[in-house]
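Asker: Predicted structure and sequence below. I'll ask about it afterward.
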Amino acid sequence: MAVLVLVATWRFNVLVQVGIVLVGIIIVWAGLFLGLDIGYREWQRMPDPPDEAFADTAPLGMLLAGWLPGGMITITWWALLKLIEFGLLALRGRSESRLNG
């Protein structure tokens with residue numbers, strides 16, 4: 001997800017960036033859901049699992065609301081990269097104005 005957003009930020013226009021950010025959100029969302037689901041299944045498979053292993057509402061919660069952390073992570077990463085891009089453009093503009101002026 002991070003590399004996908006990194007490439008999109010510096011190589012494509014805003015509409016493509018929004019699409020790639022949405023793909024990044026889905027990637028993080030799926031990763032959270034699958035990680036919790038597989039973790040609970042392994043926990044339930046161990047010998048003499050505790051009762052908490054069968055209270056597996058976390059995967060369902062991540063399936064329903066996993067887009068929130070996925071969105072926060074992906075949009076924060078995209079915004080940070082945009083700030084870096086704007087900072088680099090500002091520095092480049094200052095150095096060019098010093099050379100021309």
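Answerer: Arrived safely, thanks for sending.
Asker: What segments of the chain are helices?
Answerer: Secondary structure of the chain by DSSP state H: the helices cover 2-11, 14-45, 58-65, 67-100.
Asker: how far is the first one from where the chain is centred?
Answerer: Counting by C-alpha atoms, centre = their mean, to the nearest Å, helix 2-11 is centred 12 Å from the centre of its parent chain.
Asker: likewise the last one?
Answerer: Average the C-alpha atoms of helix 67-100, do the same for its chain, and the two points are 17 Å apart (C-alpha atoms, centre = their mean).
Asker: Now do it and helix 58-65, the angle between them.
Answerer: Put simply, helix 67-100 runs at 50 degrees to helix 58-65, going by axes from the mean of the first three to the mean of the last three C-alpha atoms, to 10 degrees.
Asker: buried residues in helix 67-100?
Answerer: W67, G70, G71, I73, T74, W77, W78, L81 (16 or more other C-beta atoms under 10 Å). All C-beta atoms are positioned from the backbone trio N, CA, C, and that covers glycine.
Asker: for the second one, same thing?
Answerer: When burial is assessed from 16+ other C-beta under 10 Å, helix 14-45 yields the following buried residues: 17, 20-21, 24-25, 27-29, 32-33, 36-37, 40.
Asker: now swap in the first one and tell me
Answerer: Neighbour counts over helix 2-11 (16+ other C-beta under 10 Å) mark V5, A8, T9 as buried.
Asker: nearest spatial neighbour of the second one, skipping sequence neighbours?
Answerer: Yep, that's A8 we're talking about. I20 (3.9 Å; C-beta to C-beta, 6 or more residues apart in numbering).
Asker: Any idea which helix or strand in the chain has the lowest mean pLDDT?
Answerer: helix 2-11 (a mean of 79; mean pLDDT, DSSP states H and E).
Asker: helices or strands next to that one in the packing?
Answerer: helix 14-45, helix 67-100 (3 or more C-beta pairs under 8 Å, 6 or more residues apart in numbering; DSSP states H and E).
Asker: Out of the helices of the chain, the one nearest D51 is which?
Answerer: Comparison of the helices of the chain against D51 by C-beta to C-beta identifies helix 14-45 as nearest, at 10.7 Å.
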